[in-house]
Structures are given as C-alpha cells and as structure tokens.
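Undergrad: Quick one: sequence and predicted model below, then my questions.
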Amino acid sequence: MIVLEDIHKAFGPKVVLNGFSLEVREGETMVIIGYSGTGKSVAIKHIVGLLEPDKGRVFVDGLEVSTLSRRELYALRARIGYVFQFSALFDSLTVAENVAMGLKKMGTLTPREIDQRVQEALDLVDLPDSAHVFPIELSGGMRKRVGIARAIALHPKYLLYDEPTTGLDPVTAAVIDEMMVRMRDKLGVTSIVITHDMRSAFSVGTRVAMLFEGRVRFVGTVDEIKNTEDPVVRQFIEGRASPVPAGPLA
C-alpha cells in the first residue's frame with residue numbers, strides 16, 4: 001500500500017502541493033488527473049524519493065520514504081517501476097540495453113538472467129523482435145512500450161506511469177491503455193497513472209483522484225467521478241472552459 005499523508009511542497013514562492021493526501025490500495029490502478037502544472041508528477045516523485053516533502057509523510061508498505069537510508073531507498077526503488085513521460089530512452093543504446101539498465105544496477109543477476117528478463121519484458125509489450133533495434137528507429141508508441149518494458153523487467157510490485165499517452169494519436173494511445181490494464185491483470189501490480197486524458201483515465205482506472213489547488217479535490221471510482229456534481233471536477237472531465245467556483249464544494 002502507498003500512503004501520501006498531508007504532503008506540502010513548494011519551489012521557492014510557488015506552492016505546488018498544499019495538503020495532498022492519498023491512499024493507493026493493493027492491486028488497484030489509481031489515476032491522478034488535474035490541469036497541467038498542478039503538481040501531479042511532483043506528487044508521485046515523492047513515492048520514489050526523488051523529492052522530499054516540506055511537510056507530511058509518504059509510506060510505501062509501511063516504510064516512511066524520507067527516513068530510509070540510501071541502501072534502503074535503493075531497495076525500495078527496485079520494487080517500483082517508473083515509466084517516464086517521454087520514455088527517457090538512450091538513443092545510443094539498443095532497446096535491449098535500455099531495458100537492461102535497471103537490472104544491471106541491481107547487481108544480483110547473471111548476464112543470462114538479465115537477457116531472459118529483457119526478452120520476457122519485450123514479449124509482454126508486444127515487441128519480441130526489437131531487442132537489437134535503436135530507439136530512434138521506433139515510433140512514439142513503440143518507444144512508450146520500451147519504457148514500460150524497462151519498468152516491468154524489474155518485476156516491480158508498483159508501477160508509476162507519468163503521462164503515458166501524451167503525444168500519441170488516439171489509436172496508439174488506446175494500445176498503451178490496453179497494455180496498462182494487461183500489466184495490472186497479468187502481473188498483479190499496483191499502479192498509479194498520471195494523466196489529463198479522461199478517455200485514458202476511464203479506460204485504465206479502478207479509482208480516480210483529482211488534484212486541484214495542491215490537494216485532492218475528489219477521489220472515487222470511475223462511475224462515481226462520472227456522476228459527481230462537483231462543478232470543478234465536472235468542468236475538467238467535460239473539457240469545458242467556462243469558469244467555476246474555485247472553493248471547496250459545499
């Protein structure tokens with residue numbers, strides 16, 4: 001289980017998170033939605049210790065992230081796969097070499113075991129023959145899939161996706177959505193997906209949380225968010241530009 005408890009985070013005078021609290025249950029896919037620049041990516045970076053809160057606490061499986069030693073933090077990160085927004089692949093390395101990076105850092109696997117893990121991961125994302133291809137030879141959707149393969153090669157308990165469908169056409173985005181659902185069902189991972197794409201949110205999420213003004217405005221199932229009367233949430237999920245009250249729902 002992942003718990004973010006009253007998280008506050010500012011960068012200079014800019015307050016990004018202002019009492020953000022969220023509980024992610026075992027086996028679910030939690031989707032975090034919100035306007036661009038509201039701190040969605042900032043929130044999940046606290047889970048892997050890339051950022052520390054100014055106030056508040058983050059727990060993963062009962063461990064408080066900010067109190068972990070360097071060795072304990074590395075061990076925690078080995079259980080969390082992170083899929084970056086723009087894949088973050090190295091164009092000078094082959095697909096297989098990109099997928100193997102995290103495995104080599106673990107230092108516990110033989111070269112043969114690493115090769116097996118890489119091929120298993122590429123099979124799961126439907127890229128079985130791409131090991132020796134370079135990322136620059138791939139389409140945007142295929143690069144996203146390599147990013148997912150690199151994350152799942154670690155056999156993680158948790159998967160964090162940062163805007164996984166950004167920049168993709170609707171058909172390719174739907175393929176990535178299907179793949180995220182497959183990872184949850186086949187691997188049994190708990191996932192957090194950051195997105196502002198409501199079609200994707202409704203396709204992959206078991207619950208959806210909306211980040212607004214630094215805190216969670218709403219959290220509930222897909223059906224619950226579709227039927228909410230909160231005007232701020234409705235404006236966002238319907239894509240309306242008309243102004244709504246900024247304060248909390250009475």
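TA: Yep, that arrived. Numbers count the residues shown, from 1 in each chain.
Undergrad: what about the helices in this structure?
TA: Using DSSP state H, the helices assigned to the chain run over residues 40-45, 70-77, 95-106, 111-124, 140-152, 170-187, 198-204, 222-226, 231-238.
Undergrad: quick one: low-confidence ranges for the chain?
TA: 242-250 (pLDDT under 70).
Undergrad: coming back round to it: how about the helices of the chain, which one is nearest E163?
TA: Ranking the helices of the chain by proximity to E163 (Cβ to Cβ) places helix 40-45 first, at 7.6 Å. Every C-beta, even on glycine, is put in place using the N, C-alpha and C of the backbone.
Undergrad: could you say what helices and strands that closest one packs with?
TA: Packing partners of helix 40-45 (3 or more Cβ pairs under 8 Å, 6 or more residues apart in numbering; DSSP states H and E): strand 2-11, strand 14-24, strand 29-33, strand 158-162, strand 190-194.
Undergrad: one more time with 6 Å
TA: strand 190-194 (3 or more Cβ pairs under 6 Å, 6 or more residues apart in numbering; DSSP states H and E).
Undergrad: relative to strand 14-24, how tilted is the strand it packs on?
TA: Calculated by axes from the mean of the first three to the mean of the last three Cα atoms, to 10 degrees, strand 190-194 forms an angle of 150 degrees with strand 14-24.
Undergrad: what's strand 190-194 packed up against?
TA: If contacts are counted by 3+ Cβ pairs under 6 Å, 6+ apart, strand 190-194 sits against strand 29-33, helix 40-45, strand 158-162.
Undergrad: got the contact list for that strand?
TA: Under the contact criterion Cβ atoms under 6 Å, 6 or more residues apart in numbering, strand 190-194 has outside partners 24, 26-27, 29-32, 40-41, 44, 158-163, 184, 204.
Undergrad: Weed out the non-buried ones from those residues.
TA: When those are checked for burial by 16 or more other Cβ atoms under 10 Å, the buried set is 24, 29-32, 40-41, 44, 158-163, 184, 204.
Undergrad: quick one: which two of the residues you listed are the most distant?
TA: Farthest pair in those, by Cβ to Cβ: S41 and R184, 20.7 Å.
Undergrad: D91: how many residues sit nearby?
TA: 10 (other Cβ atoms under 10 Å).
Undergrad: Relative to I2, how far out is it?
TA: 32 Å (Cβ to Cβ, to the nearest Å).
Undergrad: swap in L17?
TA: From L17 to I2 the distance is 15 Å (Cβ to Cβ).
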